[in-house]
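1. Below: sequence and its predicted model.
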Amino acid sequence: MLTQTTTRVLEPSDLGAALAILESEPVANAFVTSRVQIAGLDPWRLGGEMWGWYADGRLRSLCYSGANLVPICATPEAVRAFADRARRAGRRCSSIVGPAEQTTQLWRLLEPGWGPAREVRANQPLMVTESPAADVTPDPLVRRIRKDEIEVLMPACVAMFTEEVGISPLAGDGGLLYQARVAELIGAGRSFARIEDGKVVFKAEIGAATSQACQIQGVWVAPEHRGRGLSETGMAAVLRHALADVAPVVSLYVNDYNTAARKAYTRVGFREVGTFMSVLF
């Protein structure tokens with residue numbers, strides 16, 4: 001029996017069908033879901049296109065194509081179709097990121113034309129929690145950042161990004177887009193830090209948020225304060241805010257080689273439930 005398949009850019013009228021797929025895996029899809037819920041499917045507002053893969057007239061899989069290329073609930077056949085479309089369009093993204101199995105297949109198909117990558121992080125544990133560990137006391141000095149404190153926060157954000165990604169977010173446009181993103185999170189009340197003597201000691205953001213799940217990102221401790229357990233007490237504080245004010249499930253993903261962070265996150269109540277993969281250009 002033949003199956004009729006097709007791939008196309010989704011339009012605003014496809015929003016309901018797209019959200020149904022996104023919300024079927026609320027933790028894994030939290031980042032893209034949060035953007036779609038805010039911006040819809042208009043590419044200008046969304047910051048990229050949403051590709052849909054159809055089988056027998058029904059939307060089955062998605063792929064977000066913007067600053068990141070993100071396969072979503074993608075079957076092997078859908079991944080092949082998305083790879084074909086990405087090859088034709090040419091690389092416009094700075095990374096490919098998503099569930100490891102789908103992202104591995106997508107990168108295998110794109111690498112001959114898009115490679116080599118600057119770095120491939122093939123094993124990034126996805127961690128979740130619904131309740132904080134009872135034996136870790138949240139840092140009472142970790143709080144929401146005010147809008148007038150962005151200049152205090154920015155150096156820590158730049159240091160975290162550079163340390164994590166390997167390039168500065170100030171490259172290219174001088175950091176205008178990155179600063180706008182930081183300001184967006186502060187304005188939404190999703191940026192947290194401990195500040196001492198005008199400098200950030202610990203910071204983290206709730207980078208994506210839906211009613212079902214949220215995702216913590218940008219966790220950073222100033223180098224001179226590392227080894228004091230601030231990542232645990234700081235994360236416990238952010239986790240308390242996230243569960244109370246944002247969503248019933250909190251997630252994050254971390255590099256497998258960052259054993260100290262993985263231990264800290266486990267200590268505050270997170271458990272590993274899956275694996276992400278990132279390809280950095």
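-> Now that the structure is in, tell me what you want to look at.

2. So which bits of the stretch of helix or strand residue 275 belongs to are buried?
-> Taking DSSP states H and E as the criterion, residue 275 maps to strand 271-280. By neighbour count, and taking 16 or more other Cβ atoms under 10 Å as the criterion, the buried residues in strand 271-280 are 274-279. Any C-beta I mention is one placed from the backbone N, CA and C, and that applies to glycine too.

3. Now tabulate those in TSV and tack on distance to residue 152.
-> Conversion of those to TSV gives the following (distance: Cβ to Cβ, whole Å):
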residue	distance to residue 152
274	35
275	35
276	31
277	34
278	29
279	33
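
4. give the contact list for the residue nearest to the spatial centre of the chain.
-> Nearest to the mean C-alpha position of the chain, counting by Cα atoms, centre = their mean, stands residue 31 at 5.1 Å. Residue 31 makes contacts with 70, 207-208, 215, as judged by Cβ atoms under 8 Å, 6 or more residues apart in numbering.

5. Likewise for residue 43?
-> The contact partners of residue 43, taken as Cβ under 8 Å, 6+ apart, are 9, 49-50.

6. Tell me the one of these nearest residue 189?
-> The nearest member of the contacts of residue 43 to residue 189, counting by Cβ to Cβ, is residue 50 at 27.0 Å.

7. Spatially nearest residue to that closest one, not counting backbone neighbours?
-> residue 10 (4.5 Å; Cβ to Cβ, 6 or more residues apart in numbering).

8. Spatially nearest residue to residue 9 (excluding sequence neighbours)?
-> Skipping the residues right next to it in sequence, residue 9 comes nearest to residue 49 by Cβ to Cβ, 6+ apart, at 4.9 Å.

9. isn't that neighbour right up against residue 66?
-> Yes - taking contact to mean Cβ atoms under 8 Å, the distance of 7.2 Å between residue 49 and residue 66 places them in contact.

10. can you map out the strands along the stretch 51-200 of the chain?
-> In the stretch 51-200 of the chain, the strands defined using DSSP state E, counting those that start in this stretch lie at 58-65, 68-72, 95-99, 119-129, 143-144, 191-196, 199-209.

11. and those as TSV, adding mean neighbour count?
-> What follows is these, written out as TSV (neighbours: other Cβ atoms under 10 Å):
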stretch	mean neighbour count
strand 58-65	20
strand 68-72	25
strand 95-99	23
strand 119-129	18
strand 143-144	14
strand 191-196	22
strand 199-209	23
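
12. picking that back up, the strand holding residue 275 pairs with which strands?
-> Partner strands and pairing direction for strand 271-280 (DSSP bridges) are strand 95-99 (antiparallel), strand 119-129 (antiparallel).

13. residues contacting the residue nearest to residue 50?
-> Under the criterion of Cβ under 8 Å, 6+ apart, the contact partners of residue 10 comprise 18, 41, 49-52, 59, 62.

14. From those residues, pick the one nearest residue 94.
-> residue 49 (15.6 Å).

15. quick one, what contacts the closest one?
-> 9-10, 43, 64-66.

16. and if you look at residue 80?
-> With Cβ under 8 Å, 6+ apart, residue 80 has these contacts: 105, 109.

17. And for residue 81?
-> For residue 81, the contacting residues are 5, 7, 53, by Cβ under 8 Å, 6+ apart.

18. who wins for neighbours among the residues you listed?
-> Within these, most neighbours by other Cβ atoms under 10 Å means residue 53, with 25 neighbours.

19. thought that residue was touching residue 85?
-> No - with contact defined as Cβ under 8 Å, residue 53 does not reach residue 85; the gap is 9.4 Å.

20. anything in contact with each of the two?
-> Residues within reach of residue 53 and of residue 85 at once, by Cβ under 8 Å, 6+ apart, are 7, 63.

21. Run through this structure and note the low-pLDDT ranges.
-> Residue ranges of the chain with pLDDT under 70: 1-3.

22. Going along the chain, name the helices of it.
-> Taking DSSP state H as the test, the helices found in the chain are 15-22, 30-39, 43-46, 76-89, 100-114, 150-165, 176-187, 230-245, 259-267.
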